[in-house]
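1. Got a predicted model here, sequence first, then my questions.
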Amino acid sequence: MKYRYELVDRIPAQLTEGIVYHTEEFELAGLLCACGCGHRVTLLVPDSHQVWDEDGFATIRPSIGVFDAPCKSHYVITAGEIDWHPAFTGAEVDWIMHAQIARHVARDSQPRSWIHRVWSWVRKFPSTLKRLRRRR
Ligand SMILES: [Zn+2]
């Protein structure tokens, strides 16, 4: 089986085997697990994965780790071809999940503190202006 690439508006409710669905608007990709277990794999694009169209076939980087299904499959898809990696062990899954959550927390807190700084500056601006006027 080779994975075809399909650019869609929305990931369909029923996925077809052998197709990587990609929606730029929702920044998601969806496919059925390559092992045939029927698990629906959802990827955050471009947050966690990159998806390209190569002559109609899908390339996905980095590797896909199916942590949330019993198969624990791990593979890379290049121009539609599946390159199998050893399945994850429970400890590896825990470690990767932990790292991903940590990354999300780090990313989420950054823009908030940046916006917070700008916002507090904007809020203080009228009083700063008043202070400057008084000084003149
Ligand atoms: Zn699977």
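-> Yep, it's here.

2. and the chain, which of its residues are near the ion?
-> The chain has residues 33, 35, 37, 39, 71, 73 near the ion, with proximity defined as C-beta under 5 Å from the ion. To be clear about C-beta, it is placed using only N, CA and C from the backbone, and glycine gets the same treatment.

3. what are the bridge partners for the residue nearest the centre of the chain, then?
-> The centre of the chain sits closest to residue 44, judged by C-alpha atoms, centre = their mean, with a distance of 2.1 Å. Beta-bridge partners recorded for residue 44 (DSSP bridges): residue 28.

4. on that earlier part again, can you lay out the residues of the chain next to the ion as CSV showing pLDDT and neighbour count?
-> Listed next are the residues of the chain next to the ion as CSV, based on pLDDT from 0 to 100; neighbours: other C-beta atoms under 10 Å:
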residue, pLDDT, neighbour count
33, 96, 18
35, 94, 17
37, 95, 13
39, 96, 16
71, 91, 15
73, 91, 23
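
5. Next step: those residues restricted to helices.
-> Nothing among these maps onto helices, per DSSP state H.

6. what's the closest of those to residue 56?
-> When those are compared for distance to residue 56 (C-beta to C-beta), residue 33 wins out at 21.0 Å.

7. Surely the closest one touches residue 65?
-> No: using C-beta atoms under 8 Å, residue 33 makes no contact with residue 65, being 10.9 Å away.

8. How many neighbouring residues does residue 59 have?
-> 18 (other C-beta atoms under 10 Å).

9. what residues are up against residue 87?
-> 71, 72, 73, 74 (C-beta atoms under 8 Å, 6 or more residues apart in numbering).

10. what do you get if the cut-off is 10 Å, keeping everything else the same?
-> By C-beta atoms under 10 Å, 6 or more residues apart in numbering, the residues touching residue 87 are 35, 65, 66, 71, 72, 73, 74, 75, 93.
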